[in-house]
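Student: could you work out the structure for the sequence below:
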Amino acid sequence: MITKKVRSFYFSPSGRVGQGAYIKYMLLPLFFILCFLYALDVIIQVNYNFLMQVVISMICLMTILSFFIVSIKRCHDRSKSGQFLWILIIPLVGWIWVMLELVIGRSRTGPNLYGNSPSWR
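Tutor: As a prediction, the model looks like this:
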């Protein structure tokens, strides 16, 4: 069962997430999930039945949802609104800009409009 702390980290957009926690608990698991799905699709070349397609689709949906929610928290830590992520609509430049801002940008110290300093470090 998923604990309340983990559930609030991945599925609640309120609060802030520090730079280290964003990399450690979001980007690295995202990388491994994508590698796992790639291995299923290309290397093993599994013949998917309907149930397998539904399971993989749910994994992808939950991964994308949690990515956006934790990215909103990281925006909050940088004193930006979650609406900053609309820049992702711009094909290449938007993704590079957001990743530089969220991964390389330093956290704002002390409380801000979105809450106290992040407890997830």
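Student: distance of Ile59 from Pro13?
Tutor: 21 Å (Cβ to Cβ, to the nearest Å). C-betas here are computed from N, CA, C, even on glycine.
Student: what does Tyr25 give?
Tutor: 15 Å.
Student: who has more neighbours out of those two?
Tutor: Neighbours were counted for Tyr25 and for Pro13 using other Cβ atoms under 10 Å; Tyr25 has more, 17 against 14.
Student: now the element after the longest helix along the chain, going C-ward?
Tutor: The longest helix of the chain (DSSP state H) is helix 50-77. Downstream of helix 50-77, the first helix or strand assigned by DSSP states H and E is helix 91-99.
Student: if you count neighbours, what's buried in that next one?
Tutor: Using 16 or more other Cβ atoms under 10 Å as the test for burial, helix 91-99 gives Val98.
Student: one more: stretch 13-20?
Tutor: Gly15, Arg16, Val17, Gly18, Gln19.
Student: ok, which pair from those is furthest apart?
Tutor: Farthest pair in these (Cβ to Cβ) is Gly15 and Gln19. Separation: 14.7 Å.
Student: quick check: closest non-adjacent residue to Gly105.
Tutor: Closest residue to Gly105 apart from its sequence neighbours, by Cβ to Cβ, 6 or more residues apart in numbering: Arg78 at 5.4 Å.
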